[in-house]
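Visitor: A predicted structure for the sequence below; I have some questions about it.
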Number of protein chains: 2
Amino acid sequence: MMTNMSMVENIRTNLRPLPAPSGSHETPAISPFHIERALKRIQPFLRQTPVLPLHVTRETFLPCDIWLKLENMQMGGSFKVRGALNKVLQIPEAERKKRLVTASGGHHGVAVAYAGLITGMEATVFVGHQVGEDRHRHLQSWGAKIMEGGNDFSSALQMAEHYAAVSGAHFIHPFADPDIIAGQGTLGLELIDQMPDPDIVLMAIGGGGLIGGVALAIKNRYPMCRIIGVEAAGAPLFWQARQTGNFLPLSHIATKATSIAIPSSTLHNHHLIESYVDDILLVPDSEMIASAAWLQKETSLRVDLAAAATLNPLLKGQIFLPKGGHVAAVLCGAEIGAAPV
Amino acid sequence: MMTNMSMVENIRTNLRPLPAPSGSHETPAISPFHIERALKRIQPFLRQTPVLPLHVTRETFLPCDIWLKLENMQMGGSFKVRGALNKVLQIPEAERKKRLVTASGGHHGVAVAYAGLITGMEATVFVGHQVGEDRHRHLQSWGAKIMEGGNDFSSALQMAEHYAAVSGAHFIHPFADPDIIAGQGTLGLELIDQMPDPDIVLMAIGGGGLIGGVALAIKNRYPMCRIIGVEAAGAPLFWQARQTGNFLPLSHIATKATSIAIPSSTLHNHHLIESYVDDILLVPDSEMIASAAWLQKETSLRVDLAAAATLNPLLKGQIFLPKGGHVAAVLCGAEIGAAPV
């Protein structure tokens, strides 16, 4: 008994402590209870995406069982509908004549459009110049109205926020919102019901909404489970903060993994990650592409680069996998170009 | 109580009776027990493919929940490894120096090659002229040795059988073998553990090995569950037998769904189907293609035309779906060209 307890203590000690509340900090605004409530709220409009246990593979020896959480098969092709639905379903009936507004070139835009379809609200999505025509058509096929959002994601986000402030529309942030984070966290609640007690859970980090919510949900039940975040080597926002002790925006981005090419986030998300994420690993684009090809060969799944990046530490042997352990990797989104849109 | 029982009786009455044993018939050689034993035998080398509950979709209203059995993510890309493993794992150690031989242009060839890899046996696959170079490479990537099999699947099958007879190699038939059928039936055992009590289960029919085994496994536990088989309109082997009362080979084949383009099968499989399959529906190629595109849009999955055909009766409203009922469709194989091979 003592051994077990001190093992738990050791592992807890290795976790970074929650930041002390202070006036200058945003304090974490969500609790595991919010995530449970979110799941009840959004479940009717979601798919409970399955897990694929991957204990045999064709070309790679796995020292323990891997469960792939197939969130790429979610409505709209990613976890993003979880957060968007949790946010939008809380807009009171009387407020639903106004539009939804957001910025996104991909999954979050689709998610907001879908939440709009569910609630009878129109959705406007600001997209940066770098976003191609095929993605415009994809967003439009979900009913989104496209607006020019300037040079990049940051400018699109600013313009969307400004448009909302002026027009009174509801602005739906991709990750800097407790309701969005609580919604994304529902993936964690689902996952731990679908596999044996998890030892390690890996997922990609963009703005930190997914990993913040999921890590909180899982650590609440399994404090010993290691949560490992994966960032693009060309957009190491939270990795850099952990290395330097300073949470600063990135000066430039160099990755084709657009869904995790995020130059800045909130202190709130930074604190969630420092509190609940055990490791942050970086993956270069070339390795994400190789992992995506491996996954397609093994399972015929076509996922986006962020989802593929999650597999990299497993395929490259970068993390210690306990023999007989239970490891999960979240395939957070489908390759948008994979479907005829 | 009486009402319930008479309902069961009615449904049982609607089932075609098992054929009376007679000297001229091959009698069904497998029982549900064989399928349970097969599952124990092959499980270590299989993936337990998950089910995707599809209660929300983007463009189609579903009156009840549909569970998709994602067998397209199985090792080798299809259910075929179940049968091949069940057959090959029963070859005694002393007999494993001989080759495995079969005929196939697709999933069954891969499955036999995989069973060969597991047991340390070399696999030779006879392929007809119509099978393209990409499929040759796919088979070779699994370690199969390719042999010229003449004009079509039938000639390849004959040549494989002849080669085995002459060389003493182990011939692994794609569907006319009780061990193969029992292996495929394990999919049914898995499925009923993964969903609520099923009311309807749909799957494609080629040579009848999959549906024969699965129907037997499921009817043994759920005699009221309707088993619906789907054939290509251009290869209506078992549909024609049911219509005419005569089980005769097809004089010609006109479908691009190669994995279910089978001109003849055995009386054994015919009897299994007449005994346990409630309906056989035909799907033209154009509709299979549309269903494959629908599935890709909804889930980003790329399946073969046989798997896509299974969705057709659901999307076209061709079968009565009980409100609140539990319906499963088996996605039996991945699109072979979907993976870089």
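Guide: It's in.
Visitor: Give me every residue in the stretch 1-150 of chain A lying close to chain B.
Guide: Within the stretch 1-150 of chain A, the positions near chain B by CB under 8 Å from any CB of the partner chain are A:44-56, A:58, A:70, A:72-73, A:75, A:77, A:142. From N, CA and C alone the C-beta is placed, and that goes for glycine too.
Visitor: let's go with 6 Å and repeat that
Guide: By the rule CB under 6 Å from any CB of the partner chain, the part of the stretch 1-150 of chain A lying against chain B is A:Gln48, A:Pro50, A:Leu52, A:Pro53, A:Val56, A:Asn72, A:Met73, A:Met75.
Visitor: Might one say that the fourth one is in contact with A:Trp67?
Guide: Yep, that's A:Pro53 we're talking about. Yes - look at A:Pro53 against A:Trp67 with CB atoms under 6 Å: they come within range, at 5.5 Å.
Visitor: For A:Gly150, grab the count of nearby residues.
Guide: A:Gly150 has 16 neighbouring residues, counting by other CB atoms under 10 Å in any protein chain shown.
Visitor: quick one: it from A:Val131, how far?
Guide: Distance of A:Gly150 to A:Val131, given as CB to CB, to the nearest Å: 11 Å.
Visitor: Have a look at chain A and report its longest helix.
Guide: Of all the segments of type helix in chain A, defined by DSSP state H, the longest one is helix A:178-194.
Visitor: and the residue nearest the centre of chain A, what is it in contact with?
Guide: Among the residues of chain A, the one closest to the centroid is A:Leu210, at 3.1 Å (CA atoms, centre = their mean). Contacts here follow CB atoms under 6 Å, 6 or more residues apart in numbering or on different chains; on that basis A:Leu210 touches A:Phe79, A:Gln184.
Visitor: again, but for A:Thr49
Guide: A:Thr49 makes contact with A:Leu70, A:Glu71, A:Met73, A:Gln74, according to CB under 6 Å, 6+ apart.
Visitor: and what of A:Ile280?
Guide: A:Gly229, A:Phe238, A:Trp239, A:Arg242.
Visitor: wait, isn't the second one in contact with A:Ile273?
Guide: So that's A:Phe238. Yes - counting by CB under 6 Å, A:Ile273 is a contact partner of A:Phe238 at 5.2 Å.
Visitor: ok, and the closest non-adjacent residue to A:Ala215?
Guide: A:Tyr276 (3.7 Å; CB to CB, 6 or more residues apart in numbering or on different chains).
Visitor: mind checking how far that neighbour is from chain B?
Guide: Noted for A:Tyr276: a distance of 27 Å to chain B, by CB to the nearest CB, to the nearest Å.
Visitor: OK, contacts around that residue?
Guide: A:Ala215, A:Leu216, A:Lys219.
Visitor: I would like a PyMOL command selecting only the buried ones among the residues you listed, please.
Guide: Selection of the buried residues among the contacts of A:Tyr276 in PyMOL, burial being defined by 16 or more other CB atoms under 10 Å in any protein chain shown:
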select buried, chain A and resi 215+216+219
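Visitor: Helix or strand: which one has the residue nearest to the centre of chain A?
Guide: According to DSSP states H and E, A:Leu210 maps onto helix A:209-221.
Visitor: C-terminal to that helix, what's the next element?
Guide: Downstream of helix A:209-221, the first helix or strand assigned by DSSP H and E is strand A:226-232.
Visitor: Tell me the helix or strand right after that next one.
Guide: Counting by DSSP H and E, the element after strand A:226-232 in chain order, helix or strand, is helix A:237-244.
Visitor: elements contacting that following helix?
Guide: If you count contacts as 3 or more CB pairs under 6 Å, 6 or more residues apart in numbering or on different chains; DSSP states H and E, helix A:237-244 packs onto strand A:279-283.
Visitor: counting contacts, what elements does the next helix or strand after the strand it packs on pack onto?
Guide: Moving toward the C-terminus from strand A:279-283, the first helix or strand encountered (DSSP H and E) is helix A:285-299. Applying 3+ CB pairs under 6 Å, 6+ apart, one finds that helix A:285-299 contacts helix A:305-309, helix A:312-315.
Visitor: Looking at the ones you listed, which one is packed in the most?
Guide: Among the helices and strands packed on helix A:285-299, helix A:305-309 has the highest mean neighbour count (mean count of other CB atoms under 10 Å in any protein chain shown), at a mean of 30.
Visitor: and for that one, what are the contacting residues?
Guide: With contacts defined as CB under 6 Å, 6+ apart, helix A:305-309 is touched by A:Ala204, A:Val230, A:Ala257, A:Ser259, A:Ile260, A:Val283, A:Met288, A:Ser291, A:Ala292, A:Leu331, A:Cys332, A:Gly333.
Visitor: how close does the closest residue to the first one other than its chain neighbours get to A:Gly333?
Guide: Leaving aside its chain neighbours, A:Ala204 sits nearest to A:Ala306 (4.1 Å; criterion: CB to CB, 6+ apart). Going from A:Ala306 to A:Gly333 by CB to CB gives 6 Å.
Visitor: again, but for A:Glu95
Guide: 29 Å.
Visitor: Over to A:Ala29?
Guide: 25 Å.
Visitor: cool, and A:Phe175?
Guide: 14 Å.
Visitor: Name the residue in the two with the higher neighbour count.
Guide: Between A:Phe175 and A:Gly333, counting by other CB under 10 Å, A:Gly333 is the more crowded of the two (29 against 24).
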